[in-house]
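*Asks:* The amino acid sequence is not available; the structure is as follows:
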């Protein structure tokens, strides 16, 4: 199989489609979803927002729950949602929801048994965009967005492969994974015990070494139950301070960590990315 | 328990909340969800759209997938989503997805073992609105909307308890259940073998005896896999013909039976209901 279409649904005048393909970076079949707005055609290719989901998610959560298609159709933006890890019986896993399948953390694992398949950084940054740009009517304009673990992924990729993207946004990101339980558990397993090997995947740490950043928008709900222990929004805000002309952090009283929060502000994220696509 | 709040999420400046309560009509605890838009207060109560879901759904499907909150907040409309049947270990059930729990069909069952709990008609028409209007800042203005089995429920309730509602809308309704496999199976079980006992729950049949109807809007996807065997949109359209100044049927090429379809047109349904609330 090169690209197997496993589902499609018309939505807001465009198409939501799911595909499976054999991925070389993760050495297993991978599933992704794409929303193609009505404008997308060979003659009028559209830019792409890559959406990186959080722990336990697949390609389906965002597409079913974010309510993003109306605005994406208005703006003429495609959205691609990869899975959050390699999958399958042959792929290493863990009994916990925050390690293994559904919890790839967008890193290239170096430690057994994870290092055979868990190369989600390469998959998201290189293999998937190449596939998308070969098979669908899209431009090479790309933006990154994500939630929680996927917000971490969006920030880290936007800081380490910035030449490939025009803007980055995150909801409730795990901004400082080297200093929180979720990140420490995953990075210990995937990257080993040497903390210096984790730095390349920590947004706060990367920002402390950065000379410039892409335009960034971050939204955080203040009733998020993971806010204090896992997310590190205050450390992120401090790390972004030198770049505050290019980054905005929006705090929202009463909102939590769920897709109800994401759906409330996804239109603003898409509008943000469209602004940089159009420059 | 009178009304137990089991979850709440801020969304589009309003609140999605889930409750459990002991229901007298269904003789078991029932769960429902409500969206309260930001305008809702004791001083400014808001009208309510009751959303009736389809087979296998709970109160959660619409709230998570329909993308309705932005428009509901703009219009100042509350949305209430009941479960689709009584639930629990003591409640009769069936191994199939289209009978028993998750498949109440919005009827009052007359046949054992269903007749103890399966009184969803009474629950939706009387008990739930009374509860809602006692405990939440809403007016007594009500509209009905639903999908598939819930579209059937909305049409039937709108035709048999029309004095309680201002307008009705349906996505992909089971419009003629006495003449399709889903309806015949459920009605045989819940109502017994005498077809004349089914007529009160069949929208096409009720329309053939109606002298007037509420304003109605129906949307149907033309790539819906259930269109020919289960839904009966053409029979519905013929039955609505005498009332065509009050009813519109919208056919949509390419759309299927899923929430991707519902989310594409839910804004239009809410706008339709708001128009009649405001008269």
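*Replies:* Okay, I see it. All figures in this text were calculated on a predicted structure; none of them were measured in a lab. Numbers count the residues shown, from 1 in each chain, chains lettered A, B, ... in the order given.

*Asks:* from here on, contacts and neighbour counts on C-alpha atoms
*Replies:* Fine.

*Asks:* What is the top helix by length along chain A packed up against?
*Replies:* Counting residues, the longest helix in chain A under DSSP state H turns out to be helix A:259-277. Here helix A:259-277 touches helix A:60-65, helix A:69-75, strand A:138-147, strand A:167-171, strand A:216-221, strand B:4-11, going by 3 or more Cα pairs under 8 Å, 6 or more residues apart in numbering or on different chains; DSSP states H and E.

*Asks:* And the fifth one, how far out from the chain middle?
*Replies:* What separates the centre of strand A:216-221 from the centre of its chain is 14 Å, taken as Cα atoms, centre = their mean, to the nearest Å.

*Asks:* quick check: angle from it to strand A:138-147?
*Replies:* 30 degrees (axes from the mean of the first three to the mean of the last three Cα atoms, to 10 degrees).

*Asks:* all strands of chain A, in order?
*Replies:* Using DSSP state E, the strands of chain A run over A:4-11, A:14-23, A:28-36, A:46-52, A:78-82, A:138-147, A:167-171, A:216-221, A:247-252.

*Asks:* any idea which of these is most buried?
*Replies:* strand A:167-171 (a mean of 30; mean count of other Cα atoms under 10 Å in any protein chain shown).

*Asks:* could you say what helices and strands that one packs with?
*Replies:* Judged by 3+ Cα pairs under 8 Å, 6+ apart, the packing partners of strand A:167-171 are strand A:138-147, helix A:149-160, strand A:216-221, helix A:259-277.

*Asks:* model confidence over it, on average?
*Replies:* Averaged across strand A:167-171, the pLDDT comes to 98.

*Asks:* List the neighbouring strands of that strand plus their orientation.
*Replies:* Using DSSP bridges, strand A:167-171 pairs in its sheet with strand A:138-147 (parallel), strand A:216-221 (parallel).

*Asks:* which residues are contacting it?
*Replies:* With contacts defined as Cα atoms under 8 Å, 6 or more residues apart in numbering or on different chains, strand A:167-171 is touched by A:142-148, A:150-152, A:154-155, A:158, A:214-220, A:262, A:269, A:273, A:276.

*Asks:* Tell me which residues touch the nearest residue to residue A:132 once chain neighbours are set aside, please.
*Replies:* With sequence-adjacent residues excluded and distances taken as Cα to Cα, 6 or more residues apart in numbering or on different chains, residue A:132 is closest to residue A:138, at 7.6 Å. Contacts for residue A:138 (Cα under 8 Å, 6+ apart) come out as A:40, A:41, A:42, A:45, A:46, A:47, A:48, A:78, A:132.

*Asks:* do residue A:212 as well
*Replies:* residue A:243.

*Asks:* So it versus chain B, what's the distance?
*Replies:* As judged by Cα to the nearest Cα, to the nearest Å, residue A:212 and chain B stand 33 Å apart.

*Asks:* what sits opposite the residue positioned nearest the centre of chain A in the beta ladder?
*Replies:* Centroid-nearest residue in chain A, with Cα atoms, centre = their mean: residue A:52, separated by 2.2 Å. Note on residue A:52: beta-bridge partners residue A:146, judged by DSSP bridges.

*Asks:* Get me the contact residues on the stretch 1-150 of chain A for chain B.
*Replies:* The stretch 1-150 of chain A comes close to chain B at residues A:9, A:10, A:11, A:12, A:13, A:64, A:65, A:66, A:67, A:70, as judged by Cα under 8 Å from any Cα of the partner chain.

*Asks:* Neighbour-wise, which one of the residues you listed leads?
*Replies:* Most neighbours among the residues of the stretch 1-150 of chain A next to chain B, by other Cα atoms under 10 Å in any protein chain shown: residue A:67, with 28 neighbours.

*Asks:* Does that one touch residue A:260 like I think?
*Replies:* No - between residue A:67 and residue A:260 there is no contact under Cα atoms under 8 Å: 9.5 Å.

*Asks:* pLDDT below threshold where in chain A?
*Replies:* For chain A, the stretches with pLDDT under 70 are A:1.

*Asks:* Disregarding residues adjacent in the polypeptide, which is nearest to residue A:264?
*Replies:* Closest residue in space to residue A:264, ignoring its immediate chain neighbours: residue B:12 at 4.8 Å, by Cα to Cα, 6+ apart.
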